[in-house]
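Asker: From the sequence below, what's the structure:
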Amino acid sequence: MKISDMTCYKSILNSFDMFSSDVTEVFSMPRVNKMASMAGPTVGQTYDIRLGCNLLDKKEQDRVLLEIEKADPILTVICPPCDPFSILQNFRRNRNSKEWLKRGKGSASFCNANC
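Answerer: Model (predicted):
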């Protein structure tokens, strides 16, 4: 990352000083949180399957929603899996399976609940 990018990033985050200054990531490894911690604000939790948080499970989704609600971050970065909705997935043989589409819709619904 260039110095000018970091300066711009810091100025954006500093404009949120009147808020809690937390940044939380959902369906994502800690990328934005890493940058935010370098810029100064308090970073929140990161939720991803690779970190042991299965966001396709309804109980886990409810737990995460409660945690995010309690933390009340000013910025929540959501990067849902786009499997069923990606044009590239047209090459998959089982792309229209009911389970696959249900999983995609479940992820989309969870993301909407976060917004």
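Asker: hey, let's count contacts and neighbours off CA atoms from now on
Answerer: Will do.
Asker: what's the stretch of helix or strand S109 belongs to packed up against?
Answerer: S109 belongs to helix 98-114 when assigned by DSSP states H and E. Packing partners of helix 98-114 (3 or more Cα pairs under 8 Å, 6 or more residues apart in numbering; DSSP states H and E): helix 58-71.
Asker: excluding its backbone neighbours, what's nearest N33?
Answerer: Excluding the flanking residues, the one nearest N33 by Cα to Cα, 6 or more residues apart in numbering is V43, at 5.7 Å.
Asker: In contact with the one you found, which residues?
Answerer: V43 sits next to 21-24, 33, 36-37 when contact means Cα atoms under 8 Å, 6 or more residues apart in numbering.
Asker: Which ones among those residues map onto strands?
Answerer: Among the contacts of V43, the ones falling in strands (DSSP state E) are 23-24.
Asker: relative orientation of the helix holding S109 and helix 58-71 in degrees?
Answerer: In terms of direction (axes from the mean of the first three to the mean of the last three Cα atoms, to 10 degrees), helix 98-114 departs from helix 58-71 by 10 degrees.
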